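# predicted coordinates and the sequence they were generated for:
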Amino acid sequence: MKRLMLFLVFILSIPSVIIAAFVFEDIGGHILFSWFSFTLGLIGIGGILRFRGDQFLTYDIVEGTIISLDENTRYCPEHEHLRYQQIFINPVVEYYWQGKRYTRGTLINYDEQAYTRFGPQIGDKISLCVPINCPEEAIENKFLSRYIHLIIGLISISISIALAVLLFSY
């Protein structure tokens, strides 16, 4: 419930900031710029907190098998033909932990060309990190899968700080 309330406050802040930017025309750009910088900072803090929370989980390393491929089709409206589509492939992994079978899609989606070159094939074995408290939330035992929240958090905070420096330097 608390997260829903925070999300609603964030959504309602968007029109409030836009209205404030129109009402106070002389500093409207600064209002929008600072709101965007603040939002990026919050995203960064959220990513770092998620990473920090994941570090306190105890993981067990298990081996999983790619059992199928999920295909997601996305249509590109910017292309000259409205029917231009791009297909992304998400491998589905089956793994056993403490005698119970689990199935989960991997974190990384591949487009068709990248998948044929770099993606795991059906039947391939991959290493997974399984949180002991929540075994259905397994992730691949790779650098990107383990540190994606930290990377996003640090980039967001860096951009937020850079925007704040630019804002207050004028």
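Received the coordinates, thanks. Numbering: from 1, shown residues only.

# residues in contact with Ile18?
Taking Cβ atoms under 8 Å, 6 or more residues apart in numbering, we find Ile18 in contact with Leu32. Placement of C-beta: from N, CA and C, glycine included.

# just confirm it is within a helix.
Yes. According to DSSP: H, G, I helix; E, B strand; the rest coil, Ile18 belongs to a helix.

# show me where the chain has its strands.
In the chain, strands defined by DSSP state E lie at 59-75, 85-97, 100-105, 110-111, 125-131, 139-140, listed in chain order.

# export the ones you listed to TSV and tack on mean pLDDT and mean neighbour count?
Below are the strands of the chain laid out as TSV (pLDDT from 0 to 100; neighbours: other Cβ atoms under 10 Å):
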stretch	mean pLDDT	mean neighbour count
strand 59-75	84	13
strand 85-97	84	16
strand 100-105	89	13
strand 110-111	71	16
strand 125-131	88	18
strand 139-140	84	19
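
# in TSV, list these along with distance to Phe10.
Output for the strands of the chain, formatted as TSV (distance: least, Cβ to Cβ, whole Å):
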stretch	distance to Phe10
strand 59-75	26
strand 85-97	28
strand 100-105	28
strand 110-111	31
strand 125-131	28
strand 139-140	27
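
# out of the ones you listed, which comes closest to Ile157?
Nearest of the strands of the chain to Ile157, taken as Cβ to Cβ: strand 139-140 at 22.7 Å.
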